[in-house]
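Peer 1: pasted the sequence and its predicted model underneath.
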Amino acid sequence: MPKKVFFIILVLFLNSFNSLKSEEFLSYCSSTSKKDFIKDTNDCSSEIISLEDIPLADLTEPLHIETGRVEELILPVKNSEQDAFDMDSMRIAAAGTKVTLGIFSPLLTKMEEGGIWVRPYSAFEKIPLKDGPTVKSISYGSLIGIDSDAKDLKNKWQVVSSGYLGYIGSEQSYDSVKQTQMSGFGGIYSTFYRNNFFSAVVLTAGANVIKSTDSEDIIGINAGLITRTGYNIKLPHNIVFQPNYIMTYTFDNNFNYRNNAGELVQEAPLSIIHIVPSARFFTNLKNGWQPFIIMNMNFNIVSNGEVTANNVALPAVSVGPYVEYGGGVQKIWKGEYSTFVQTLVRNGGRNGVSILAGFKWTFN
């Protein structure tokens with residue numbers, strides 16, 4: 001009789017063990033580099049968890065969950081704060097493309113006769129934001145402007161008054177996040193000359209529409225003040241050294257919008273100061289040709305307006321300093337026509353290349 005009891009107990013124990021083994025549960029192995037969901041094994045300590053227990057950073061790629069009979073695909077999950085952070089990152093990356101120096105000549109060459117000019121441009125960049133992602137950026141656009149005749153002032157000063165309209169298209173992206181921006185803007189400015197000295201003051205303003213994969217369309221406005229001052233120093237062998245200084249102030253404001261989850265995202269205006277000490281060398285060849293080289297050092301000072309999503313303040317990101325170097329050639333035909341083309345390489349806070357060209361007809 002005791003043997004029969006023992007045998008029955010043994011059978012019941014084995015059945016219970018098999019029943020437990022057949023139950024399916026998920027465990028998360030924190031020691032694996034792939035961070036996969038796996039069934040309980042001896043490779044690591046097992047812990048029953050739910051999706052809510054997993055850090056958001058671990059959900060940047062689709063996860064495969066194996067239950068023994070089926071395999072399910074869990075898509076990446078981002079919360080509203082991450083969506084807004086993505087948009088703010090690309091907003092900072094795009095800020096440098098919104099305000100463009102609307103001065104025709106890269107050497108600020110004075111022409112006595114006024115005229116009409118066009119100036120297309122494009123740039124291809126990767127922008128490693130401080131405390132943020134690396135954003136790919138492509139921008140393109142064109143300006144059309146008009147210059148007055150040079151007007152004589154007192155004490156040998158002369159002034160040229162100008163105005164322009166422009167369009168900028170740009171696209172910023174990283175990972176699966178993407179935005180496309182369309183901007184229109186205009187400006188007026190005056191350039192003052194006295195012998196080899198020059199100084200230009202520009203007022204500009206514009207509006208933009210941003211289309212994003214993570215939100216409804218975003219509408220914004222911007223305005224800026226730009227100054228450029230320089231001096232032409234004649235060197236031997238008909239070479240001219242032109243140290244100059246550019247400083248811009250930009251006010252950039254995007255109106256509140258809602259993300260794909262329907263939550264309100266509020267962005268305080270940006271105030272951006274851009275400082276560019278520059279050195280340019282050019283020479284005056286026969287027949288009006290002027291080859292030149294350019295070296296710029298760019299500094300960004302950004303008063304990063306607070307951005308909140310779902311009443312949560314987001315961390316600030318910024319663009320680091322960067323250098324530009326390159327050159328081009330300008331050609332003047334008997335003071336009646338002027339054209340140029342230049343290419344600059346960027347390294348540092350912005351990495352890429354920009355291409356700029358222009359053509360001007362005088363009123364003669």
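Peer 2: Great, that's in hand.
Peer 1: so how far is Phe241 from Leu356?
Peer 2: From Leu356 over to Phe241 the distance is 21 Å, taken as Cβ to Cβ, to the nearest Å. For every residue, glycine as well, the C-beta is placed using N, CA and C.
Peer 1: if you count surrounding residues, which of the two has more?
Peer 2: Leu356 (18 against 13; other Cβ atoms under 10 Å).
Peer 1: backbone dihedrals for the closest residue to the more buried one other than its chain neighbours, please?
Peer 2: If the residues on either side of it in the chain are set aside, Leu356 comes closest to Tyr121, at 4.4 Å by Cβ to Cβ, 6 or more residues apart in numbering. Note on Tyr121: backbone dihedrals following degrees, to the nearest 10 are phi -160, psi 160.
Peer 1: Tyr121 against Tyr140, yeah?
Peer 2: Yes - using Cβ atoms under 8 Å, Tyr121 is in contact with Tyr140, at 7.1 Å.
Peer 1: quick one: low-confidence ranges for the stretch 251-364 of the chain?
Peer 2: By pLDDT under 70, the weakly predicted segments of the stretch 251-364 of the chain are 303-311, 314, 335.
Peer 1: what ranges do the helices span in it?
Peer 2: Counting by DSSP state H, counting those that start in this stretch, the stretch 251-364 of the chain forms no helices at all.
Peer 1: what sits against Phe281?
Peer 2: Listed by Cβ atoms under 8 Å, 6 or more residues apart in numbering, the contact partners of Phe281 are Ile239, Val240, Phe241, Gln242, Phe292, Ile293.
Peer 1: swap in Gln342?
Peer 2: Pro106, Phe292, Ile294, Gly326, Gly327, Gly328, Val329, Ile355, Leu356, Ala357.
Peer 1: just the buried ones among these, please.
Peer 2: With burial judged by 16 or more other Cβ atoms under 10 Å, the buried subset of these is Pro106, Phe292, Ile294, Gly326, Gly327, Gly328, Ile355, Leu356, Ala357.
Peer 1: please enumerate the helices of the stretch 51-200 of the chain.
Peer 2: 80-98.
Peer 1: show me where it dips below the pLDDT cut-off.
Peer 2: Using pLDDT under 70, the flagged stretches of the stretch 51-200 of the chain are 51-102.
Peer 1: 90 instead?
Peer 2: 51-114, 129-134, 172-179, 181 (pLDDT under 90).
Peer 1: what segments of it are strands?
Peer 2: 63-66, 71-74, 115-128, 134-147, 151-152, 158-174, 177-194, 197-212 (DSSP state E, counting those that start in this stretch).
Peer 1: now the stretch 251-364 of the chain
Peer 2: Listed in chain order, the strands found in the stretch 251-364 of the chain under DSSP E, counting those that start in this stretch are 257-258, 264-267, 270-283, 289-303, 307-309, 312-313, 322-333, 337-348, 351-362.
Peer 1: for Thr134, state which of the contacts of Phe281 is nearest.
Peer 2: Ile293 (28.9 Å; Cβ to Cβ).
Peer 1: beta partners of the closest residue in space to that closest one that isn't next to it in sequence?
Peer 2: Distance criterion Cβ to Cβ, 6+ apart; nearest residue to Ile293, sequence neighbours excluded, is Gly327 at 4.0 Å. Beta-bridge partners for Gly327, by DSSP bridges, are Ile293, Thr343.
Peer 1: contact partners for Gly327?
Peer 2: Per Cβ under 8 Å, 6+ apart, neighbours of Gly327: Pro291, Phe292, Ile293, Ile294, Gln342, Thr343.
Peer 1: and the furthest pair within those?
Peer 2: Pro291 and Thr343 (12.6 Å).
Peer 1: overlap of the contact sets of those two?
Peer 2: In contact with both Pro291 and Thr343: Gly327, Gly328, using Cβ under 8 Å, 6+ apart.
Peer 1: how does the chain divide into domains?
Peer 2: 2-74, 86-362 (automatic domain parsing).
Peer 1: hey, which of those is tucked in deepest?
Peer 2: domain 86-362 (a mean of 17; mean count of other Cβ atoms under 10 Å).
Peer 1: so what touches stretch 343-355?
Peer 2: 96, 121-128, 130, 137, 294, 296, 298, 300, 319-328, 341-342, 356.
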